[in-house]
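Peer 1: sharing a sequence plus its predicted fold:
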Amino acid sequence: MSPQRITRGGSRGSLPGPENIHREVLPNGITVLARSNFSSPSVTISGYIKSGSVLDPDAKLGLADFTASGLMRGTRRHSFDALYNALESVGASMGLDSGMNTTGFHGHALVEDLPLLVRLLSEALREPIFPSKEVEKLRHQLLTGLAVRAQDTADMADMVFDGVLYRGHPYARPEDGYPKSIKAIRREDLVRFHQATFGPAGMVIVVVGAIEPRRAAAVVRRTLGSWKNAGQRGCEAPGDPRPLRATIQRHHRIAGKVQADIIIGTNGPRRTDPHWLAASLGNSVLGQFGMMGRVGKSVREESGLAYYAYSNLSSGLGPGAWTVSAGVSPANVQRASALIIRELKRFVKSGVTREELADSKANFVGRLPLSLESNAGVASALLNIERYQLGLDYYQRYAERVQSITRAEVLEVAREFIDPDRLVVATAGP
Amino acid sequence: MPKTHTKTKFPNGLTVLLKEIHTTPLISLWVWYRVGSRDEAPPLTGISHLVEHMQFKGTRRFPAEVMDRAVAREGGTRNAFTFLDWTTYFETMPADKIDLGLRLEADRMTHSLIDAQELASERTVVISEREGHENEPMFLLSEAVQHAAFRVHPYHHEVIGDMADLRTMQRDDLHRHYRRYYVPNNTVVSVAGDFDTKEMLGRIRREFARIPAGPTPPRLSRTEPEPRGEARVRVEGPGETAYLQVAYRFPAASHADFFALSVLDSLLAGPSNLNMFGGGGISNKTSRLYRALVDRQFAVGFSGGSNLTIDPYLYSISITLHPKRKPEEALAALDREIARIQDEAVRPAEIARAIKQARANFAYGTENITNQAFWLGYAEMFASYVWFESYVPKLAAVAAGDIRRVARQYLQPRARVVGEYVATGNGAAR
């Protein structure tokens, strides 16, 4: 292995900010962000286009997911095998997957292969042909994925949870669809969905690695700058779901399993909510800090009921969810659920202590260098900046923002979203 | 090759490997004990892993919560892993905070309490961890395959241990195991990151040099006899998806044939990602087995790979069957591909491709300090760090004839176990 290239000064240890992030918007609407990192001869690309599962028709649920999975199954220039051969032969990798509001892509390569990586991304986004034979192979793979999902207690608890929390809302529907809806999707549906929703408007691409930012942006401009789709349909995040009126419990039975998964929670803030950071610090105290916070202490450390028990704040462009998850023996579902609800009650009654808040603040600030050491870590940070319009100096002002949060703000946002008498309690298991 | 690291042995037998990397202000510290599940016999299977869990329950100086809190407050991350041959603990911290990690690790090498009451709750946590695994068809199948592959050698049981032993082992069993193996002369400390070698060595000496050596713990090793024919195992369980696992006896990582076998694996199943941390990875869609199994629709997915072990272990190919195929059909397709690589010469271009893929994976691995400190110690557990540094050059020296020879020698039906997961449907009981 070659010795490290040492870059004392330069980007070493400095946080992403306006002076070291290159940002430009191409005439066709694509936003490009680039930052250099010369610690390794590699490069990462990451980004999204504005097409997602919220656009799926009910009868063809899983259409966005199917389309994203089909993008690399053949393009006007390359067959599936030729496309992957080009990538894998140089040790590069690329993947695309759809979410609710966007379809994401990510890839990495040795830096000399960045032009190839961007060219293949451009082909997959602009020129997929969805060959019938490949579509049928993919359909079997997706259906098998759904059969595996049906046996996964965590996945099924999650699906049940979303179904109840978001009843009547687009987020109630699983992004990977149901066997019936996947069977109903025709090749023409993929072609039409791609034509209608894929385009440069609102697309974001981030490049991080051993290349000067302006040169990286030029590679993107040369390859994707000519993309146009006059008929591109918009994809906006939906509004809030109906609030819960009481606690709703649902169990999904999966015969033959030895462990059950529990998800207990409610609505959470969007990532763009001004109180998001206070919620995130509160969530850290609740079920993240150290060995999974208060929830981990109660359910795992003191009661020995679960290997994992933690809380999670899931926040994006659309309405979020605030959840606590645990995997427990079926005999302990009631006991673990009661402990979790007890922690939620305590959280909204008295909030967090001064000491707990100080701990989580120190953690949030202290872990920044670790989260930003790899190309993928920096790319994810830059994508956050753009997706949620946080400002290019977000990470440079991050410590200051974190330190400014008070106990009262944490308590206020906890009470705004969590009502221990109005929860979804979803379980899946035997 | 320029010197990239230092290796020092203290008078108490502790081995220390250091590697300066100044790309980011982080340090990753790993402590490796030469003890794993292969050092266990019934009724104490799983004891190494349970001792690892108890190492997080604290000492008099650093009670559990104090330890977790201190590391989290500084923005560090920590964890531990138990494997067949070793147990390891790590902290990755901002560079100026690493003294905390050194103090915690030196302290718990000798002062862990292993309290009976704490054990009572941690026992059920580990039982819950095992139950979580038992929910997964692939865990059930590979446990059965592993057991069928080793009748004599202690590699025959899963790292997590058998449920019967997890329920019955006692505090004194754990304490004895801990005292026997957690001695400096059975330990490797590996540190990579932003430090000065001389200064770091001084710090490690301050914390670890006064810990007295103990009797050198013997390793449990009973040579597995040569297999005398193909073994077959069948596991039944819920679900609609059937799986197949085929495991061949493979030599130890330090064996001269290992590098030719690595190229063979790369051609058959795609390049193995050696980076335990820090991402990277290359897809396997143009590997020979993808084309033979997935493209031709015998399977919807597969993976293949070996482990780096002290004694001969297994090369396993795991296949998720296509819903319309029978296991024998997939096995026949696999056998045709294996016969092809045994009978036909591999083109030099295919080998060159495998080398480039390995180089790319190494480049991705250098983005991450934790991954580099991991390798610094991990390689010492089955060979030495020189093994890791010479990995790519050794792959580059592999000739087409070597690949054919090792394919013929090791991929023999008489030296394999074929395991089948029979899915009994969604409503079936176990």
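Peer 2: Here it is on my side, so go on. Residues are numbered from 1 along each chain as shown, chains lettered A, B, ... in the order given.
Peer 1: contacting residues for the closest residue to residue B:348 other than its chain neighbours?
Peer 2: Distances taken as Cβ to Cβ, 6 or more residues apart in numbering or on different chains place residue B:400 nearest to residue B:348, at 6.6 Å, with adjacent residues excluded. All C-beta atoms are positioned from the backbone trio N, CA, C, and that covers glycine. Shown in contact with residue B:400 (Cβ atoms under 8 Å, 6 or more residues apart in numbering or on different chains): B:345-348, B:351.
Peer 1: out of those residues, who's nearest residue B:183?
Peer 2: The closest of the contacts of residue B:400 to residue B:183 turns out to be residue B:351 (Cβ to Cβ; 44.0 Å).
Peer 1: could you pull up the mean pLDDT of whichever strand or helix holds the closest one?
Peer 2: Secondary structure assignment for residue B:351, by DSSP states H and E: helix B:348-365. Mean pLDDT, computed over helix B:348-365, is 90.
Peer 1: quick one: the residue in chain A that chain B sits nearest to from residue B:129, how far?
Peer 2: Using Cβ to the nearest Cβ, residue A:366 is the residue of chain A that sits closest to chain B, at 1.9 Å. Taking Cβ to Cβ, to the nearest Å as the measure, residue A:366 and residue B:129 are separated by 29 Å.
Peer 1: look up the closest residue to the residue nearest the centre of chain B, ignoring the ones flanking it.
Peer 2: By Cα atoms, centre = their mean, chain B has its centre lying nearest to residue B:83, at 5.5 Å. Using Cβ to Cβ, 6+ apart and skipping residues adjacent in sequence, the residue nearest residue B:83 is residue B:36, 5.2 Å away.
Peer 1: show me the contacts for the closest residue to chain A within chain B.
Peer 2: Closest to chain A within chain B is residue B:75: 1.9 Å, counting by Cβ to the nearest Cβ. Going by Cβ under 8 Å, 6+ apart, residue B:75 touches A:362-370, B:93-94, B:97.
Peer 1: so which of these comes closest to residue B:7?
Peer 2: residue B:93 (22.4 Å).
Peer 1: wait, a strand at the closest one?
Peer 2: Yes - per DSSP: H, G, I helix; E, B strand; the rest coil, residue B:93 lies within a strand segment.
Peer 1: you'd agree it is up against residue B:72?
Peer 2: No - judged on Cβ atoms under 8 Å, residue B:93 makes no contact with residue B:72 at a distance of 10.6 Å.
Peer 1: neighbour count winner among the two?
Peer 2: Per other Cβ atoms under 10 Å in any protein chain shown, whichever of residue B:93 and residue B:72 has more neighbours is residue B:93, with 26 against 23.
Peer 1: let me know how buried the residue nearest to the more buried one when sequence neighbours are not counted is, in neighbour terms.
Peer 2: Distances taken as Cβ to Cβ, 6+ apart put residue B:76 closest to residue B:93, at 3.9 Å, once the chain neighbours are dropped. When neighbours are counted by other Cβ under 10 Å, residue B:76 registers 25.
Peer 1: still on that earlier bit, show the contacting residues for the residue of chain A closest to chain B.
Peer 2: Residue A:366 neighbours (Cβ under 8 Å, 6+ apart): B:73-76, B:94, B:97.
Peer 1: pipe these into CSV and attach pLDDT and secondary structure per row.
Peer 2: CSV is the format used below for those (pLDDT from 0 to 100; DSSP: H, G, I helix; E, B strand; the rest coil):
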residue, pLDDT, secondary structure
B:73, 93, helix
B:74, 93, coil
B:75, 92, coil
B:76, 94, coil
B:94, 94, strand
B:97, 94, helix
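Peer 1: determine which two of those are furthest apart.
Peer 2: B:73 and B:94 (11.0 Å).
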